[in-house]
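Peer 1: show me how the following folds:
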Amino acid sequence: MNEAIVVNRLSAAYRKTEVLSQVSFTVKPGTLTSIVGPNGAGKSTLIKSMLELHPRTAGEVSFLGQPYQKAKKKIGYVPQRGSVDWDFPTDALDVVLMGLYGKIGWLKLPRKSDREQAMEALRSMGMEQYANRQISQLSGGQQQRVFLARALVQDAELYFLDEPLAGVDAATERIIMDTLQQLKNRGRTVMVVHHDLQTVEDYYDHVLLLNRTVVAHGPTDEVFTAEQLHRTYGGALRWMREKV
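Peer 2: Alright, predicted model coming up:
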């Protein structure tokens, strides 16, 4: 498989306002890609439209050569923390077990091996001691670790994360990025909506610059340049660094 993800002329709108226009790009397997752009650029909408969580007005998307409905068991997704109802009465272990429901079945009880697998995912995130803690009682960074553990337990081939580093502490940021790097090293394909321009070069080997359409996409050392950033952000660019 030469391409893990193919997006062809994807467009999307909210009510009658177009927020994505003719977005096209391909992603190679085993890459760690950041989606970068100004506020309102359509970064979250892009992921949601690709995963059929928001309707497309045009375009096609394939994952490992298949449409989403056929490939969805191979896909892990971590939404924005602010979009989740954290008051839902469940504990951290049960949240992670939700990632196994595709294998267990929605009407079946988890087996001991399933619970052990979920605990191992929590352990990899440094969260095993919080397994029985209500999700609403965890800090923002802890909640984000639990949701990443839920995605990890799926053992997916493709991972999509929507601003996983927003509002987390430094320790959680290191754990998340180390985990994503490990996934990449295992041949998994990862796309991340990212907001901190100063860490893009440190964290990602590919970058997709987006402002309602694709401005540039490719290896970070080729695409993440002052010229391309100014094309993406225009007058909204406020990143003070020697590159810019």
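
Peer 1: name the element the residue most central in space within the chain belongs to?
Peer 2: A centroid search over the chain (CA atoms, centre = their mean) returns Leu161, at 1.3 Å, as the residue closest to the centre. Assessed by DSSP states H and E, Leu161 sits inside strand 158-162.

Peer 1: show me the contact partners of that strand.
Peer 2: With contact meaning CB atoms under 8 Å, 6 or more residues apart in numbering, strand 158-162 is reached by 4-5, 43-44, 47, 50-51, 63-64, 71, 74-80, 83, 148, 151, 180, 183, 188-193. Any C-beta I mention is one placed from the backbone N, CA and C, and that applies to glycine too.

Peer 1: Thr31 is in contact with Val190, correct?
Peer 2: Yes. Between Val190 and Thr31 a contact is recorded at 7.4 Å, counting by CB atoms under 8 Å.

Peer 1: the residue nearest to Asp221 when sequence neighbours are not counted - how many residues pack around it?
Peer 2: The shortest distance from Asp221 to any residue other than its chain neighbours is 7.6 Å, reached at Glu201 (CB to CB, 6 or more residues apart in numbering). Neighbour count of Glu201, defined by other CB atoms under 10 Å: 15.

Peer 1: likewise Glu18?
Peer 2: Look at Glu18: counted by other CB under 10 Å, it has 14 neighbours.

Peer 1: buried subset of the contacts of strand 158-162, written for PyMOL?
Peer 2: This is how PyMOL selects the buried members of the contacts of strand 158-162, with burial counted by 16 or more other CB atoms under 10 Å:
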select buried, resi 4+5+43+44+47+50+51+63+64+71+74+75+76+77+78+79+80+148+151+180+183+188+189+190+191+192+193
